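[1] sequence? don't have it. structure:
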């Protein structure tokens, strides 16, 4: 089912065990909170007329709705993902009711993996994204298939062993 090339060998495959909230998930909620507080403060300072209250309510509802949609989109992507490490690539396979989606990155393009423990024997492996990569990943709208994303393996068991496998394999190439 995976788009594995004939000369590739699958070294490891796994699925995320749970979704873990990171800073990039929290920061949008912080932005929403700041916008709400600022709106309330400005309403109090300028003694907004009663006609302005529905406008503020609609604005706040839109901001809160987009924050919740962002979280649901990220969590659903992680829940539909299977990770595959081959001797040449890191592959992300997502199975949706509408069809399958495959993305991959050659191991030679990845930086040295970093592992963060999230408790319960689970970990997150990322590849030390640059600031510009991290900022591009901050978009909150659902992404088309071709949209790049940060390579990250979230909520996997034995994360240190998998990171070591990726390091050894990418160095050997």
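    Thanks, I have it. None of these values were measured; they are calculated from a predicted model.
[2] Mind jotting down where the strands sit in this protein?
    Using DSSP state E, the strands of the chain run over 10-14, 81-86, 89-96, 99-106, 114-119, 122-126, 152-157.
[3] So for residue 57, which of those sits nearest?
    strand 89-96 (34.2 Å; C-beta to C-beta). Backbone N, C-alpha and C define where each C-beta goes, glycine included.
[4] Direction included, what does the closest one pair up with?
    Strand pairing for strand 89-96, determined by DSSP bridges: strand 81-86 (antiparallel), strand 99-106 (antiparallel).
[5] Residue 165 is nearest to which of those strands?
    strand 81-86 (6.3 Å).
[6] Give me the contact list for that closest one.
    With C-beta atoms under 8 Å, 6 or more residues apart in numbering as the test, strand 81-86 has contacts from 2, 4, 8-16, 90-95, 153, 156, 162, 165-166, 169.
[7] Format the strands of the chain as JSON lines; extra columns: mean pLDDT, mean neighbour count and distance to residue 61.
    JSON lines is the format used below for the strands of the chain (pLDDT from 0 to 100; neighbours: other C-beta atoms under 10 Å; distance: least, C-beta to C-beta, whole Å):
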{"stretch": "strand 10-14", "mean pLDDT": "94", "mean neighbour count": "15", "distance to residue 61": "39"}
{"stretch": "strand 81-86", "mean pLDDT": "92", "mean neighbour count": "20", "distance to residue 61": "31"}
{"stretch": "strand 89-96", "mean pLDDT": "88", "mean neighbour count": "18", "distance to residue 61": "28"}
{"stretch": "strand 99-106", "mean pLDDT": "85", "mean neighbour count": "14", "distance to residue 61": "31"}
{"stretch": "strand 114-119", "mean pLDDT": "89", "mean neighbour count": "14", "distance to residue 61": "32"}
{"stretch": "strand 122-126", "mean pLDDT": "90", "mean neighbour count": "20", "distance to residue 61": "32"}
{"stretch": "strand 152-157", "mean pLDDT": "88", "mean neighbour count": "20", "distance to residue 61": "30"}
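[8] All set, thanks.
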